[in-house]
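K.L.:
The sequence and its predicted three-dimensional model are supplied below.
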Amino acid sequence: MINTTWLRSFCTLVEVGHFTRTAERLHMTQSGVSQQVRKLEEQLGLALLVRQGKRFALTDAGERLYAEAKNIIMALSSLELRIREDPAYEGLVRVMSPGSVGLKLYRHLLALQHQHPKLVIDYRFAPNADVENAIADYAVDIGFMTSTSALAEVSCQPIATESLLLVTPARISKPKWEVLMELGFIDHPDGAHHAEMLLGANYPEFQHSNLFEKKGFSNQIGLILEPVSLGLGFTVLPAHAVEAFQERQLVRTHQLPNPVSETLYLALRREIPTHNRMNTVITEARKWL
């Protein structure tokens, strides 16, 4: 295989027409240029130049080589340039987050993609454990989590906070403990954790979500409030999930004496550079979160 460094020196020499000026352009010595051309000739087993003192002419083989090689060198230069480019609004960005964050962010990221069609958003909803594993396995570029990662490969930094809300059917005006016990709990994958955080801070009687009769369960973030809207029970959800519910008039959120929020963390693969397109998405996320 032809050595591309020698080939580049040969093409530059042909274009410049002078050994000294070629050496200056390539930041080499004149003898270095001569040596690379000779090595190329030895590799091909053909004379490429007819040397005439400080001047030279191309042999027939040299003419043919230059005619083919100049396009190759141009293509290699273009390839190198494209690889070095780091456009802010082009390329694929893979994002993963719990559902509540996704409900808040996804439509805004779609709007960003609509504005910059060469930016491609791949958004997945998943619990924290799946998010951190995907980041560690290089399957996702950006993660958002509601807890810090236990994996050494994943770095987390606080990016926002999200309130936890007690949500009941609209007819409930005062969510006394007895009322909640009578309603029963609509559970979800983070239900016990969220209930412990919010209800534990506001109701002395609370010990665990298992105290409540379980009236339903959904692992689809957009469906958790459906049974609540039908009067089947209450739940505790992050604010973004409540805001995204289409029939807000059928449910009621309650401001409790001791508000509780979850910290949202930006999760990235440690020691991997953050490309400009990733920074574009992170900046947009910060704006809406």
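P.N.:
Perfect, thanks for sending it.
K.L.:
Which pLDDT value belongs to residue 214?
P.N.:
pLDDT for residue 214: 96.
K.L.:
That one touches residue 183, doesn't it?
P.N.:
No. Judged on C-beta atoms under 8 Å, residue 214 makes no contact with residue 183 at a distance of 11.4 Å. Backbone N, C-alpha and C define where each C-beta goes, glycine included.
K.L.:
Enumerate the positions of the lengthiest helix in the chain that are buried.
P.N.:
Identified as the longest helix of the chain according to DSSP state H is helix 60-84. Using 16 or more other C-beta atoms under 10 Å as the test for burial, helix 60-84 gives 62, 65, 66, 69, 70, 73.
K.L.:
Neighbours of residue 36, how many?
P.N.:
Counted with other C-beta atoms under 10 Å, residues neighbouring residue 36 total 20.
K.L.:
Any regions of the chain where pLDDT drops low?
P.N.:
Low-confidence segments of the chain, defined by pLDDT under 70: 54, 81.
K.L.:
For it, which segments count as strands?
P.N.:
Assigned by DSSP state E, the chain shows strands spanning 49-52, 55-58, 91-97, 119-125, 142-145, 154-169, 185-187, 214-217, 235-238, 251-254, 261-269.
K.L.:
Please convert those to a markdown table, extending it with mean neighbour count and distance to residue 208.
P.N.:
Shown next, in a markdown table, are the strands of the chain (neighbours: other C-beta atoms under 10 Å; distance: least, C-beta to C-beta, whole Å):
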| stretch | mean neighbour count | distance to residue 208 |
| --- | --- | --- |
| strand 49-52 | 13 | 86 |
| strand 55-58 | 14 | 86 |
| strand 91-97 | 21 | 27 |
| strand 119-125 | 16 | 27 |
| strand 142-145 | 26 | 24 |
| strand 154-169 | 19 | 16 |
| strand 185-187 | 24 | 11 |
| strand 214-217 | 15 | 12 |
| strand 235-238 | 27 | 13 |
| strand 251-254 | 18 | 20 |
| strand 261-269 | 21 | 19 |
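K.L.:
Would you mind giving those strands as a markdown table with distance to residue 177 added?
P.N.:
Formatted as a markdown table, these follow (distance: least, C-beta to C-beta, whole Å):
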| stretch | distance to residue 177 |
| --- | --- |
| strand 49-52 | 94 |
| strand 55-58 | 94 |
| strand 91-97 | 33 |
| strand 119-125 | 33 |
| strand 142-145 | 32 |
| strand 154-169 | 12 |
| strand 185-187 | 13 |
| strand 214-217 | 17 |
| strand 235-238 | 14 |
| strand 251-254 | 13 |
| strand 261-269 | 22 |
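K.L.:
Among these, which comes closest to residue 195?
P.N.:
strand 235-238 (4.9 Å; C-beta to C-beta).
K.L.:
I'd like to know which elements that closest one is packed against.
P.N.:
In terms of contacts (3 or more C-beta pairs under 8 Å, 6 or more residues apart in numbering; DSSP states H and E), strand 235-238 is packed against helix 99-115, strand 154-169, strand 185-187, helix 191-202, helix 225-229.
K.L.:
wait, isn't residue 43 in contact with residue 6?
P.N.:
Yes. Judged on C-beta under 8 Å, residue 43 makes contact with residue 6 at a distance of 7.4 Å.
K.L.:
the more surrounded of these two?
P.N.:
Neighbours were counted for residue 43 and for residue 6 using other C-beta under 10 Å; residue 6 has more, 20 against 13.
K.L.:
what's the more buried one in contact with, if anything?
P.N.:
By C-beta atoms under 8 Å, 6 or more residues apart in numbering, the residues touching residue 6 are 36, 37, 39, 40, 43.
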